[in-house]
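# below are the sequence and a predicted model; questions follow.
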Amino acid sequence: MRIRNVLLTSKVTLYEMADLERRDPALARLLRDRDPSVAAIESSHLETVYARDRVRAVLESEGIRVHEARRLGRIPNGRYDLVVAVGGDGTVLDVARHIDATPILAVNSSPSSSYGYFTCATADGLESMLTRILQGDQAPVELTRISLDVDGVRHPHPVLNDVLFCNAIPAATSRYVLGIGDDEEDQKSSGVWVATAAGSTGAIRSAGGVVVDVRERWLQYWVREPFLGASAHRYRLLTGHLGPSGIRFRSRMIQGAMYLDGRRNGVPIGFGSTVSLRPDGPPLRLFLHNGRGRLGTA
């Protein structure tokens, strides 16, 4: 792979948010006083600062032109050969919203505290990973993403991990008609998870879903806490695999919502609106660790 121009982006640490944005005076005070209860926050911040500097140095040592961005907008195809994201899985999810075809290489900025499922290297391991990529021994894996239509209008951002369809008020009942192919069912519950293979290790796993190989193309869904009432009625469509036609919802809520890849990306859904989710979004090209992206296996 030939790499000349790289967009480098990094997570904003909790330490930086407390110090710069003054969102939480109590946290800022604890950090300023070096209270033991927040020692891990400062430690993670220092790891991230080191990772940023190390990643930049490795890229520049290969003669690669590095463009840095702290806030992202849409990244046009062809502008950069590669996007390097320094952070954890949340950083990858944030960056992926803005990318269509440009491959991503994610560096775990704080390996002492971050699992980094989507990351392929640490800052100190980036040099060897980059060598394999430049020599053509490592290729990105194409991960399935969910396309989202609301009343026939395509949402601009495909979903990498999962979608939660539910009431906008977490404690309120979610009311909707769930449809798969020609089958439909009126339901009440705490909401419905819909996840890709990449998202199968996340929230849907905690709810009871299955973990699948990251390269699988199908989706799975899981109804959270279905309301069964006092009768003997039992819902039929509670969990399962979803093929190319995906799944759809017809909202019976005045304040419905969908949360895409976490809490920060919410889409309001009105009463009577129809939502369709399919596994046909543009795939995300991501370098993965443990050899899962070697040529011939992607």
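Right, received. Where do you want to start? Numbers count the residues shown, from 1 in each chain.
# which residue is nearest the centroid of the protein?
Nearest to the geometric centre of the chain sits residue 93, at 3.1 Å (Cα atoms, centre = their mean).
# now it. Nearest residue, chain neighbours left out?
residue 261 (4.4 Å; Cβ to Cβ, 6 or more residues apart in numbering). (Glycine included, C-beta is placed from N, CA and C.)
# follow-up on the earlier one: residue 18 versus the residue nearest to the centre of the chain, what's the distance?
Distance of residue 93 to residue 18, given as Cβ to Cβ, to the nearest Å: 22 Å.
# next one: residue 281
35 Å.
# and if you look at residue 164?
28 Å.
# next: residue 274.
Going from residue 274 to residue 18 by Cβ to Cβ gives 42 Å.
# neighbour count for those two, which is higher?
residue 18 (22 against 16; other Cβ atoms under 10 Å).
# list the residues that contact the residue lying closest to residue 213 once chain neighbours are set aside.
Nearest residue to residue 213, sequence neighbours excluded (Cβ to Cβ, 6+ apart): residue 197, at 6.3 Å. By Cβ atoms under 8 Å, 6 or more residues apart in numbering, residue 197 lies in contact with 143-144, 212-218.
# quick check: domain ranges of this structure?
Using automatic domain parsing, the domain ranges for the chain come out as 5-138, 145-281.
# what's the closest of these to residue 288?
Nearest of the domains of the chain to residue 288, taken as Cβ to Cβ: domain 5-138 at 5.5 Å.
# I'd like the average pLDDT over that closest one.
Confidence over domain 5-138 (mean pLDDT, whole number) is 89.
# kindly check the end-to-end length of it for me.
Taking Cα to Cα, to the nearest Å, domain 5-138 runs 18 Å from one end to the other.
# cool, stretch 154-162 as well?
17 Å.
# same question for stretch 143-159.
First-to-last distance for stretch 143-159 - Cα to Cα - comes to 11 Å.
# report the distance from that stretch to the chain centre.
14 Å (Cα atoms, centre = their mean, to the nearest Å).
# quick revisit: got the domains of the chain as TSV, with distance to residue 287 columns?
Supplementary listing: the domains of the chain in TSV, determined by distance: least, Cβ to Cβ, whole Å:
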stretch	distance to residue 287
domain 5-138	4
domain 145-281	12
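# relative to residue 289, which of those is closest?
Among these, the nearest to residue 289 by Cβ to Cβ is domain 5-138 (4.4 Å).
# and the closest one, how far out from the chain middle?
On Cα atoms, centre = their mean, the centre of domain 5-138 falls 15 Å from the chain's centre.
# can you classify the closest residue to residue 280 other than its chain neighbours by secondary structure?
Once flanking residues are discounted, residue 280 sits nearest to residue 147: 5.3 Å by Cβ to Cβ, 6+ apart. Recorded secondary structure, residue 147: strand (DSSP: H, G, I helix; E, B strand; the rest coil).
# again, but for residue 215
Classification of residue 215 by three-state DSSP places it in coil.
# am I right that it is in contact with residue 198?
No - using Cβ atoms under 8 Å as the test, residue 215 is too far from residue 198 to be in contact (9.0 Å).
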